[in-house]
Each structure stands twice: as C-alpha cells, then as structure tokens.
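In: predicted model and sequence follow; I will ask about them next.
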There are 2 protein chains.
Amino acid sequence: MSKVTLKEISKILGLSTSTVSKALKGYTDINIETKSRVRELANRLNYTPNVFAQSLRSRETKIIGILVPDLVHHFFSSIINGVIQEAEKHGYLVIVLQSHESYEDEIKQLKLLVDKNIDGIMLSLSDKTVKYDHINTIINEGMPVVLFDKITHLIDCPKVVIDDRKAAFSATEHLIRTGCKTIAHITGPLKPKTTIDRYMGYKTALEAYDIPFDKSLIYTSENLSFDDGYNLTAQMMEEHPTIDGIFAFIDPVAIGVLKGLKEQKIKVPKQVSVIGFSNWFMSKTTTPSLTTVDQPGYEIGRSAFKLLLKNLNQKREGKVLTTEIVEIPTSVVIRKSTKSIPVETSAPV
Amino acid sequence: MSKVTLKEISKILGLSTSTVSKALKGYTDINIETKSRVRELANRLNYTPNVFAQSLRSRETKIIGILVPDLVHHFFSSIINGVIQEAEKHGYLVIVLQSHESYEDEIKQLKLLVDKNIDGIMLSLSDKTVKYDHINTIINEGMPVVLFDKITHLIDCPKVVIDDRKAAFSATEHLIRTGCKTIAHITGPLKPKTTIDRYMGYKTALEAYDIPFDKSLIYTSENLSFDDGYNLTAQMMEEHPTIDGIFAFIDPVAIGVLKGLKEQKIKVPKQVSVIGFSNWFMSKTTTPSLTTVDQPGYEIGRSAFKLLLKNLNQKREGKVLTTEIVEIPTSVVIRKSTKSIPVETSAPV
DNA sequence: AATCTGACCGAAAACGTTTTCGGTAAATAT
DNA sequence: ATATTTACCGAAAACGTTTTCGGTCAGATT
C-alpha cells in the first residue's frame, strides 16, 4: 500500500538512512556486502525513491512540457510523438498543453508549466503571438526553452524549423518541371511566418524559371479549410482559364481544390496539376491522390527534444546554453495530382 | 533568477515562515493587516510555492497521466484534447504516454507513471493486452485509474465507453432503411473488443430486420488500412455481385472501398452504399463524402477525466472509489455515400 | 607502544512547505 | 483584583532524500 522509504529499510537492516541511500547509489565507501544486503531488501520490498524528495533536493523533475497550438492535428501529434519517444529514451516524461492559437492562453499555459518547476519547455508559437516578453522572461529566469515549427528569431534559444521557403520552391519547381505554365498560388492569413515563406518560395521559383509573376494569380484562404479550397476553385478558373497548376499552402485547401475541379469537369492532372503542403494523412486517399510536401513531424519532435536535452545538460553543468538552429529537410511526395516528370526545362538560375 | 521562498519573505517582514505560509493561505488566526503585508510582498517578489515541497507533504502532484495505444490518431488525440482541457479547469496537468499497442510497453509506461507519483492514470488498453495483473496491482496500491475506449470488465474501476454494438446496429440499420438488401461487413483483427462488438451490431441489425445472415459477406481487414479496403473491394464485388451496401468497421477501410468501387465504375451510393465508423477527419473530404459513425473523442476524454477527478477527491477524503461506467452516445453522420432516407421499411423487432 | 592508514558507517543539515500545538499579551468577565 | 477569553504569532516536526564531514575501529607502520 504505502510506499517503502529509505528509513524503513534502514530500520530493518539496522543501518542509517545515509548508508542505505549510498548503498543503492553505489557509493564506494560502503562495504560490498552491505551493499548487496541493502539492494536485495530494497528489491524485495519494491523500493522506489520518492520523486518529490528527490526533486526537492536536486531541483529536477525529469519532466518537460510541450506547448502546441493544437494537438488534434496530424502534424502536431506527430511532433509530440517524436518528442515523447525521444524523451522516454532519456528518462523524461512529457506534459502536453495547447494554446489554441491564443496569445493569452499561451501565456497562461506557459505559467502553469513554469510553476510546476519542470525542467524544460518546447514551444510552437500561436499565430496570434506577436510579442515575446513572456517567453524571453522565462528564458532569462533560466528555463531551457526550444522553439519549433512556428518560431521567431526575436527569441534567443535553440530552434527546429523546416525551410518553408525552400520547400515551397521545390513544390513550385515540381509544377514547372512537369510542364505547368500558369501557376496559381493559394496562400493563407499572413500571420504565421510559414505562410509568407511558402509564398516567397513560390515567387522565387517562378523567377528562377523566368516565369513572370502575376499578382492576380495569388488567392487567399482565410480558414485553411477544405471549403476554402473548394470555394476558391470556381473563381480561380473563371478569372484565369489558362491556369494549369495550383499550389496550395496547405493540404486541406488543395483537397478542396481537387473537389472543385472535379465538379467543373476539369481533369487532374491532365488539365490542371495540384500540389499541396504538409502531407496530411488523407492526402494519399484522395482521387487522384495528392502530390504534396512532406513535413516530417516525427523528426522535428525528435530533434527538438535533442536540443532541449543538450541544454538541460549544459544547465546542470553550469555551462552556457546553445542557441543553434536545426533545419529538418522536407521532400516532395509525388502522387497522382501532378504529371509525371517530363523531358527537359530550362535549368534554374 | 532563483525563486523566492517563504523563508526569504519571512526574513524581510520579520515574521516566521509559518505566519507567512498561513497568511498566504488565508488562515483566520493571522491579523488582517499582516496578511495584506505578506500578500503584497509575495506578489511583488513574484512568489510561487515550490511544488516539490508541497508535493512532499501533501503527496499530491496535480499531475495525471494518460496512456493511449497511439497518439497520432484523430480519435485518440481528440480524447487527449478533452482530457487536457477538462483537467486544466481543475488545476491538473497531463502527461501523455503511448503503448504502441504493445503489452510490454504498456507495463513499462505504467511503471513510469506510478514511479512519478502522479495522482491518477487514464488508460486505453493495448490490443495485445490480455492479462490485467499489472493494472489491478496498481489499483490495489491505491492509484485511481480510469479506463476508456479499449476497456475490459476484468478490471474493477470507472470506465468510459461507447456502445460499439449499438453504434454498429445504427450504422447497419441506416443501410437497411435506405434500401440496401445485401450488406457486406468488413471487420478487423478479432482482438480489440470494439471490433467484435461492431460485428455483433451488424448481425443483430440484420436479424432485427429479418435479413438472413450470410457469413460469406464478412470480410476481414488485417491492417485497418486504406489499402485493405481498396484491395478487398474487387474480391467482394466479384464474389457477391449483388452487394448494395458495405459497412466497414473503420473509416480508412471504408475510404479504400470508395476508391475501389470508383475504379470498378460502380456508382456510390446509387449501386452500392458505403458506411464507415469513427468519423475520421478525412471522411468528409472524400468524393462522395463518407457516411459514418461519429465517436465523440472529446466527450470521452472529458468524461474520463471527470470520473478520475471524482475518485481523486474520494481518495483524498478516504472514501471508497466509484467504479461506475459511463456510456457516451454515438451518432450516424449522414453524408453522400449512402442514399437519402426512403419511404418505409418493416419496423425492427 | 604510539602513530597512522584505510575501510566503513552515521549524524546532521538541507531542500521548502504545511500544520499542530502552544505561548504571549491584551481585552474582557468575574 | 483575579480569572478567563480572544487575537495573533512562532517553534518545531514532518514529508524522504542526498551529501558532507567526521568518527570509529581494525590493522598496518614506525
């Protein structure tokens, strides 16, 4: 029922608690025989140290916190999966919290974590966050923090990112190299930096292949939703009947486009190619299946924890914390919504 | 930098730590004026109690653990979302762990949680778990445990379930009432009880409507995957060309079927109706969108935490723990992969 | 015989909080 | 004047662990 303590073991064995403690921790100034006596009994009584007492002394919990905008997303749950698995390898448990894309919630949840005296925090910023005092304060108070995915360079700490711009470049490039000439881009609300980066990647790809940029080919989805993509399709095709490629900044929008095109009897990819972004689970189940950019959430999570762990150790040894930035490579997952790679195009600049 | 303690406050104010502690907690035997002096200073110094010290005394962490087979699933992440949100309302944080459908992992992760001295555990069993000693032991040692979704009645504790049988009955019934006569069922590996229940629900629905049960109409998907559904479709339609309704035990399989039927140029729902189970996110994005059974993960999570909280309180007051079972209602989400409800059928028995 | 090593163990303090049990002084009641 | 209450505060123990700093005793050295 109630847990065994060092004191109880020591009483039974006629030793002091210090001796018992040291025996269990393998101190060299304990007779090898007493050591085994202690260990044997501890084992038999199923002794596990009281973590509160340990933490009270060591000021460590072996618990870290992760705060994401929204857990119920394939991307974020993949990241958390990576974090949990990597953390477990090193004896850490993970508390999961959500900001629901709210600045106030982000502050609140962060405070909860700090007050719990956990060892470190991993954080993906909410879209609404434009001030970073709450985070810089925490860092200045000595809490190791790692930022991932939704980051800002106004916070000085380790970060894990994907290069959205580069990835969007590749996506657009894929469209170009499979023969698309008039490529529309559906972008999102301008706030998350990722959205802008994807937009920029699209733009630079056009430039690289000497395709003139036409601002009227840029459409905006406010809700990142399936419906947005669906609704925009008619408008796009009416305003620009020559469109033969569409790059949506996020998969659900692309899938909406797929449905919209189907309704208009426009063949994909024969007449119009569609490429998405994020490789949501469902994107391989559509008809045609969706070519998209894979963001390796699991790898991001693992890397983020590794960075945190590094700083956890640095802190314990009183050393200066790292602030390195790790970039996780993305890849274009080629499926059936784009044409198969053709002969040759003019090489990029 | 380093956190303020009661001792420091007491020193500044020329009081004892006990007085400071009591002042902050609103004890009545402290002068109202000293109270406000203490509170004012504590506020100004940003005092937050050291949770380790508190836990060491109170034996409470205000942390609970949740162990699911796999976090990266819409259903489970929805549940966790519900748990986290409900927990937060009551000042609890949530550690998330995964068993990856492995019995050994389940044991291991459970031990991690118990050793961390958290206040309670919420658990969805792995498919491989057939012995329950590891859980019963924990319960007997006084840890409040709540089971949800994948449960067993061999463990005596509160549980949150959906009635898979009833839900599958409704799904099959929907097919029947929209005019289907030859209804196939794709079931899964027999282990998780849910699968069997859905099978039974299918069967009883047929009986209720006087449709003969034909064992050859039962197909099995081993991997719960999109591909399984896709691959089974050809076989089903060849062996039973008269099939006009298919009830798959889980959405991805149903979506695979949708794709398989499309390839065979079979019209959905005109020739064959398809219904899934679980209301995965993508099921509303398919063409046609998938009629399915909604399992309210969020509600399951909330209810499970409420049950746990009840027992947390019971335990604190030394009372006997509840072992009630809460059933969360499901509903059929009618979309485009089944026909619209027709005139009349013979009423169920 | 006196001194010096090791080898082995324990006392005690510390981590920060909470709560019981008095204790003192002032105010009230006898 | 004495006795009793009330209001307010503090000492101390307890939660369980870790670690420093000695301390003892046997055996080895001078």
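Out: Great, that's in hand. No experiment lies behind these values; they were computed from the predicted model shown.

In: tell me who's in contact with the residue in the stretch 151-300 of chain A positioned nearest to DNA strand D.
Out: Using Cβ to the nearest atom of the strand, the closest approach of the stretch 151-300 of chain A to DNA strand D is made by residue A:158 at 27.2 Å. In this view, the C-beta of every residue, glycine as well, is placed from N, C-alpha and C. Contacts for residue A:158 (Cβ atoms under 8 Å, 6 or more residues apart in numbering or on different chains) come out as A:146, A:147, A:307, A:308, A:310, A:311, A:321, A:322, A:323, A:324, A:325, A:326.

In: contacting residues for residue A:243?
Out: A:182, A:183, A:184, A:217, A:236, A:237, A:272.

In: out of those residues, which end up buried?
Out: In terms of neighbour count (16 or more other Cβ atoms under 10 Å in any protein chain shown), the buried residues within the contacts of residue A:243 are A:183, A:184, A:217, A:236, A:237, A:272.

In: now, which of these lie within helices?
Out: Using DSSP state H, A:236, A:237 are the members of those that sit in helices.

In: so where's chain A shaky on pLDDT?
Out: A:1-2, A:342-349 (pLDDT under 70).

In: residue in it with the shortest distance to chain B?
Out: residue A:282 (3.1 Å; Cβ to the nearest Cβ).

In: make sure that residue is indeed in a helix.
Out: Yes - judged by DSSP: H, G, I helix; E, B strand; the rest coil, residue A:282 forms part of a helix.

In: please report phi then psi for residue A:298.
Out: Main-chain dihedrals, residue A:298, degrees, to the nearest 10: phi -60, psi -40.

In: now, which of the contacts of residue A:158 lie within helices?
Out: Counting by DSSP H, those contribute A:307, A:308, A:310, A:311 to helices.

In: what is the nearest of the residues you listed to residue B:333?
Out: residue A:308 (40.4 Å; Cβ to Cβ).

In: that closest one against residue A:148, yeah?
Out: No - using Cβ atoms under 8 Å, residue A:308 is not in contact with residue A:148, being 9.8 Å away.

In: now do the shared contacts for these two.
Out: When contacts are counted by Cβ under 8 Å, 6+ apart, residue A:308 and residue A:148 are jointly contacted by residue A:122.

In: where do the strands sit along the stretch 51-200 of chain A?
Out: Per DSSP state E, counting those that start in this stretch, the stretch 51-200 of chain A carries strands over the ranges A:63-68, A:93-98, A:120-123, A:145-148, A:159-162, A:183-187.

In: would you format those strands as a markdown table with distance to chain B included?
Out: Below are those laid out as a markdown table (distance: least, Cβ to the nearest Cβ, whole Å):
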| stretch | distance to chain B |
| --- | --- |
| strand A:63-68 | 7 |
| strand A:93-98 | 5 |
| strand A:120-123 | 13 |
| strand A:145-148 | 15 |
| strand A:159-162 | 18 |
| strand A:183-187 | 16 |
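
In: in TSV: those strands, plus distance to DNA strand C.
Out: Shown next, in TSV, are the strands of the stretch 51-200 of chain A (distance: least, Cβ to the nearest atom of the strand, whole Å):
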stretch	distance to DNA strand C
strand A:63-68	17
strand A:93-98	21
strand A:120-123	19
strand A:145-148	22
strand A:159-162	31
strand A:183-187	49
